[in-house]
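K.L.:
Coordinates for the following, if possible.
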Amino acid sequence: MVKNHLKWSIIVIVLLFSQSAKADDEIDYSIISYEGALQIHEDNTATFEQVVTYDYDSSFNGQYVSLGLAGNVPEHFDIASKPLVHVEKNNQVIADAETILEPLSDGYRLKIYNAGISGDLVEISVTWKLVNIIFPYQDVAELNWKPISDWDETIDRVTFTVTTDKPTKISNIWGHRGYFKTPPKKYWDGNGRYTLEAHDVDDVLELHGYWDSNILNLSVPRLSEKALPRIEKTEQKIEKKSQLLLVIFGRVVPIAIACLTGISLWRFAKVKKGLDRYRSKIGKTRLYEVPEDLSPLLLANDVYQVTFKDIVKSPEEGEFHFEHVVQAMILDLIDRGIVSVDKETSVPTLSIVNLDHCTSSDVAFLDMAFGNRLSVTLDKLFDDFQYDSTIMKRLKKQYSGSQLETEVRKSSQKMAHRIRAMSSAIDKAVTKELATLHLPKIYRPMTSQESKKLHEASGLGCFFSLITFGLTIYFVMKVHMLALLYLLITVVSFGLIFLLGRLTKPYTTLGVITEEGMVRLEKWQSFERMIKEFNTFNAVELEGLVLWNRLLVYATLFGYASKIEHYLNVNHIALPEQFGNIDIGLIRHQMILSTNHFVSTSNHVTTASNFSVSSGGRSGGGGGSF
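P.N.:
Got it, this is the predicted structure:
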């Protein structure tokens with residue numbers, strides 16, 4: 001059950017962290033089994049038979065079977081003659097299969113030409129004659145050999161038997177696949193015959209064993225030293241190192257990461273607490289009067305740190321929506337007598353009537369909304385910003401590739417520049433106007449020391465994520481259960497990085513709230529909270545609200561205008577003369593048409609400005625079939 005869970009988990013991990021594509025001409029097959037039988041003879045030669053079974057899902061030209069001569073083998077270890085080959089395809093003997101033996105740097109490769117199609121099951125049997133396969137010491141004969149290494153495909157099941165001509169009970173053998181790999185299961189018949197079994201072999205299988213030296217004839221020259229103490233000591237070291245690595249990567253490393261992460265989060269919380277020194281003092285009060293007489297643009301910029309350019313860039317997201325800002329600005333200009341409304345026309349008309357009290361930010365806004373006109377109907381605000389949304393379809397019929405990309409981007413350049421320039425002009429005017437008001441700063445920039453301490457936790461999290469991600473991939477390749485542990489740690493690390501990024505962002509984008517800024521911000525937040533909860537108040541609570549016109553301006557900016565309008569209508573409260581008993585709801589509805597038009601234009605321009613043409617295109621290695 002555990003192995004099945006591990007197998008499916010490994011599949012999920014591979015799908016999450018890697019993507020592979022096979023070339024059209026790559027051979028698609030699997031190796032069902034590998035059966036190796038090594039018979040050690042008395043004269044220090046050996047007979048080795050390999051039986052490899054292939055299952056094909058595509059056509060193929062043949063197979064190749066390799067024999068490794070790697071490992072700590074004797075100096076003159078080699079094959080004595082060309083191997084014997086037996087081929088069966090779909091249980092039918094293939095007698096005319098051509099074979100070619102090729103030397104490799106660490107062994108031999110036998111090519112077997114045996115073409116077939118998808119669905120074929122091919123069994124290749126190769127018998128090798130080997131010489132000088134073991135070290136003949138005074139006390140034991142030692143085998144140290146890597147028969148399997150660097151096969152292209154994973155071998156589903158490997159069975160290996162080792163026997164000697166002369167039986168002996170003084171013997172032992174070990175199978176090694178590398179650290180963090182499950183070692184082969186070992187079976188012994190009690191008289192010198194060993195069987196090793198392993199699954200999903202995708203890299204190396206090494207054999208290390210010994211037998212009483214009497215398995216060799218006396219005519220075989222013996223080496224001068226004794227080897228048994230060294231062999232047993234070597235295997236003990238390997239066993240201890242395997243256990244130590246499991247302890248290190250299974251316990252020590254995760255615990256160390258958890259402790260360091262905990263310390264880092266504690267330091268982060270400590271720094272954040274200092275930065276929130278004044279933020280934490282902001283309560284849940286409600287304010288029934290306007291804190292400061294600021295225009296909507298100045299309020300958004302100074303108190304909420306949102307520029308008009310930000311609002312245009314993301315018109316339907318963030319603290320303020322574009323349509324609410326525009327509606328609030330128009331109501332503010334009407335309230336201050338700069339703009340009047342003529343409701344006698346079919347669509348109410350806005351007219352600029354008095355520039356005496358106009359600020360530079362008002363002028364910049366009117367220039368963008370009205371263009372070069374002094375009067376404009378409500379549904380024609382921002383009418384100078386026109387972009388044909390169908391131009392992209394037309395250009396796609398004329399151009400393609402990089403030329404299409406160039407033409408589409410060129411079509412929006414002029415309008416994109418115009419929107420950016422006029423938005424920037426409004427923000428510059430707002431900045432200059434705020435400078436003349438000498439208002440207490442709500443935020444201050446973080447000091448370099450504060451920034452460093454605040455980002456230490458995120459930096460450590462990124463470092464740990466890279467390490468654990470690498471270890472996850474490593475243990476996936478080793479098909480080890482530790483892959484699941486490090487995948488979990490990686491996911492948690494990325495989650496912490498995301499969380500810390502969210503918590504850090506206000507300080508990097510806005511800054512740190514000052515003591516004076518806390519007072520101003522608390523008043524505006526209390527005022528906004530009052531508007532948000534407006535419908536829950538009774539008449540007594542609202543008696544002090546005499547500046548309904550200003551309240552309506554800010555309620556519109558915050559997106560709660562409908563609540564105020566409903567209350568005014570139900571209670572028959574009249575607005576000041578400059579509103580001229582106009583239908584505020586109708587004005588807002590007509591302005592929505594203009595703002596929606598501008599938002600649509602802005603979105604189309606942004607899409608065209610960032611338009612790109614996407615284009616996209618593996619190879620195989622050697623190991624078992626061609």
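
K.L.:
Doesn't T504 lie inside a strand?
P.N.:
No. Under DSSP: H, G, I helix; E, B strand; the rest coil, T504 falls outside any strand and is assigned helix.

K.L.:
For the nearest residue to it once chain neighbours are set aside, give me its contacts.
P.N.:
Distances taken as CB to CB, 6 or more residues apart in numbering place L454 nearest to T504, at 5.7 Å, with adjacent residues excluded. Quick note: C-beta positions are derived from backbone N, CA and C, even for glycine. The contact partners of L454, taken as CB atoms under 8 Å, 6 or more residues apart in numbering, are F268, V271, K272, L275, M446, T504, Y507.

K.L.:
switch the cut-off to 10 Å
P.N.:
R267, F268, V271, K272, G274, L275, M446, L500, L503, T504, Y507, T508 (CB atoms under 10 Å, 6 or more residues apart in numbering).

K.L.:
Next, give phi and psi for it.
P.N.:
phi -70, psi -30 (degrees, to the nearest 10).

K.L.:
Kindly report the same for P167.
P.N.:
Phi and psi for P167, reported as degrees, to the nearest 10, are phi -70, psi 150.

K.L.:
all helices for the stretch 351-500 of the chain, in order.
P.N.:
In the stretch 351-500 of the chain, the segments counted as helices under DSSP state H, counting those that start in this stretch are 360-370, 391-398, 401-437, 448-477, 482-509.

K.L.:
Which one, of the ones you listed, ends up nearest to R520?
P.N.:
Across the helices of the stretch 351-500 of the chain, R520 has its closest neighbour in helix 401-437 (12.0 Å, CB to CB).

K.L.:
before we move on, back to that, which one of the helices of the stretch 351-500 of the chain has the most crowded surroundings?
P.N.:
Mean neighbours per residue, mean count of other CB atoms under 10 Å, is largest over these for helix 360-370, with a mean of 21.

K.L.:
what's the domain layout of the protein?
P.N.:
Per the record, the chain has its domains at 26-213, 227-275+446-510, 279-442+512-609, by automatic domain parsing.

K.L.:
Now render those as a markdown table, adding mean pLDDT and distance to S219.
P.N.:
Shown next, in a markdown table, are the domains of the chain (pLDDT from 0 to 100; distance: least, CB to CB, whole Å):
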| stretch | mean pLDDT | distance to S219 |
| --- | --- | --- |
| domain 26-213 | 89 | 7 |
| domain 227-275+446-510 | 88 | 20 |
| domain 279-442+512-609 | 83 | 78 |
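
K.L.:
Rebuild the ones you listed as CSV, extending it with distance to V220.
P.N.:
Output for those, formatted as CSV (distance: least, CB to CB, whole Å):
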stretch, distance to V220
domain 26-213, 5
domain 227-275+446-510, 15
domain 279-442+512-609, 73
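
K.L.:
Out of those, which gets nearest to P221?
P.N.:
Between those, domain 26-213 lies closest to P221; by CB to CB that is 6.8 Å.

K.L.:
picking up where we left off before, can you tell me how far the residue nearest to T504 is from L265?
P.N.:
L454 is 12 Å from L265, where distance means CB to CB, to the nearest Å.

K.L.:
Can you check which residues contact both of those two?
P.N.:
With CB under 10 Å, 6+ apart as the test, L454 and L265 both reach L500.

K.L.:
Tell me which helix or strand comes right after the helix or strand where P254 lies.
P.N.:
Take DSSP states H and E as the rule and P254 turns out to sit in helix 253-275. Using DSSP H and E, the helix or strand that follows helix 253-275 towards the C-terminus is helix 296-302.

K.L.:
Give me the helices and strands touching that following helix, please.
P.N.:
Applying 3 or more CB pairs under 10 Å, 6 or more residues apart in numbering; DSSP states H and E, we find helix 296-302 packed against helix 308-313, helix 322-335, helix 360-370, helix 401-437, helix 515-532, helix 548-558.

K.L.:
wait, which of the ones you listed is closest to N132?
P.N.:
Across the helices and strands packed on helix 296-302, the minimum distance to N132, taken as CB to CB, is reached by helix 401-437, at 64.3 Å.

K.L.:
how big is the angle separating the closest one from helix 391-398?
P.N.:
Angle, helix 401-437 to helix 391-398, by axes from the mean of the first three to the mean of the last three CA atoms, to 10 degrees: 160 degrees.

K.L.:
Understood, closing this out.
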